[in-house]
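Novice: Test case, fold it:
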Amino acid sequence: MFGGGNRIKVDKDLLEKIRKYAALAGYSTPEEFVNHVLEREIAKFEEGSDDEEEIRKRMQGLGYIS
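Specialist: Below is the predicted model:
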């Protein structure tokens, strides 16, 4: 999915959604869409002054980690 030898596994159903919404939003590739979404999410963490434990709780609440 990503060039340069970097690989991230994505569930098949999620990949279809990524392709669909990337096209609807006008991104030239699904990779461009994923990069933009991830950059926005990372920026949220960088902007806040939350400590590591608070970030961990938020990520657990979102289902990113268990």
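
Novice: center of this structure - which residue?
Specialist: By CA atoms, centre = their mean, the chain has its centre lying nearest to L38, at 3.8 Å.

Novice: so how far is R19 from it?
Specialist: 16 Å (CB to CB, to the nearest Å). The C-beta positions use only the backbone N, C-alpha and C, and glycine is treated the same way.

Novice: so what secondary structure elements neighbour the helix ranked longest in the chain?
Specialist: As assigned by DSSP state H, the longest helix anywhere in the chain is helix 30-47. Judged by 3 or more CB pairs under 8 Å, 6 or more residues apart in numbering; DSSP states H and E, helix 30-47 is in contact with helix 12-25.

Novice: The closest residue to P30 other than its chain neighbours: neighbouring residues, count only.
Specialist: Distances taken as CB to CB, 6 or more residues apart in numbering place A22 nearest to P30, at 4.5 Å, with adjacent residues excluded. If you count neighbours by other CB atoms under 10 Å, A22 ends up with 19.

Novice: returning to that earlier point: per-residue pLDDT of the residue nearest to the centre of the chain, please?
Specialist: We have a pLDDT of 92 for L38.

Novice: Could you do the one 5 residues further on as well?
Specialist: Per-residue confidence (pLDDT) for A43: 85.

Novice: Low-confidence stretches in this structure?
Specialist: 1-5, 48-50 (pLDDT under 70).

Novice: Try it again at 80.
Specialist: 1-5, 45-52, 54-55, 64, 66 (pLDDT under 80).

Novice: gap between E41 and L24?
Specialist: In terms of CB to CB, E41 sits 19 Å off from L24.
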